[in-house]
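Student: here is a sequence with its predicted model. Questions after.
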Amino acid sequence: MTKHTIRLAILSVSLALANTAHGGGGGRIMPPAPAITSASIEPGQRLLTIKGRSFGTEKPKVIMGDTALRIQQNTDNHILAELPAGMKKASYRLMVTGGSTVRVNTDPFFVTLLADVK
């Protein structure tokens, strides 16, 4: 092997290792972490639309404040969740836990209810 071929092989291995799980991941390539890019509530409805990426194909877990929301629909980049009656007008921390084999949380995202949920 020439020096150029060896360098290319080392670079390829280094890049592959950079994308594997740490701490006993067995060398699996980790999926990208889920991320919320927007969240919106239609006035007069109890449905929260969450857009983002890498939520996974399995049903994610959505927490708003201390409340787990019921998922009505989900794709890898879109979640439709039902807000429970009685949520008060306030700002809430919104978290999505997604991923098909390894459950990964999104970074915190904040959403504000401008009216009580009836």
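Tutor: In hand now; what should we look at? Residues are numbered from 1 along each chain as shown.
Student: endpoints of stretch 43-57, how far apart?
Tutor: This stretch, stretch 43-57, spans 28 Å end to end (C-alpha to C-alpha, to the nearest Å).
Student: so what touches that stretch?
Tutor: Residues from elsewhere that reach stretch 43-57 (C-beta atoms under 8 Å, 6 or more residues apart in numbering): 31-42, 62, 64, 69, 72, 74-85, 94, 96, 98-100, 106, 111, 115, 117. Bear in mind the C-beta positions are built from the backbone N, C-alpha and C, glycine included.
Student: redo that, cut-off 7 Å
Tutor: Under the contact criterion C-beta atoms under 7 Å, 6 or more residues apart in numbering, stretch 43-57 has outside partners 31-41, 62, 69, 74, 76-83, 96, 98-100, 117.
Student: now the buried members of these.
Tutor: 34-36, 39, 41, 62, 69, 74, 76, 79, 81, 83, 96, 98-99, 117 (16 or more other C-beta atoms under 10 Å).
Student: mind listing the helices for the protein?
Tutor: 3-18 (DSSP state H).
Student: by mean pLDDT, which helix or strand of it comes out lowest?
Tutor: helix 3-18 (a mean of 39; mean pLDDT, DSSP states H and E).
Student: tell me which residues form a beta bridge with Ala90?
Tutor: Going by DSSP bridges, Ala90 is paired in beta bridges with Leu113.
Student: surely it meets Val111?
Tutor: No - contact between Ala90 and Val111 fails when scored by C-beta atoms under 7 Å: they sit 9.8 Å apart.
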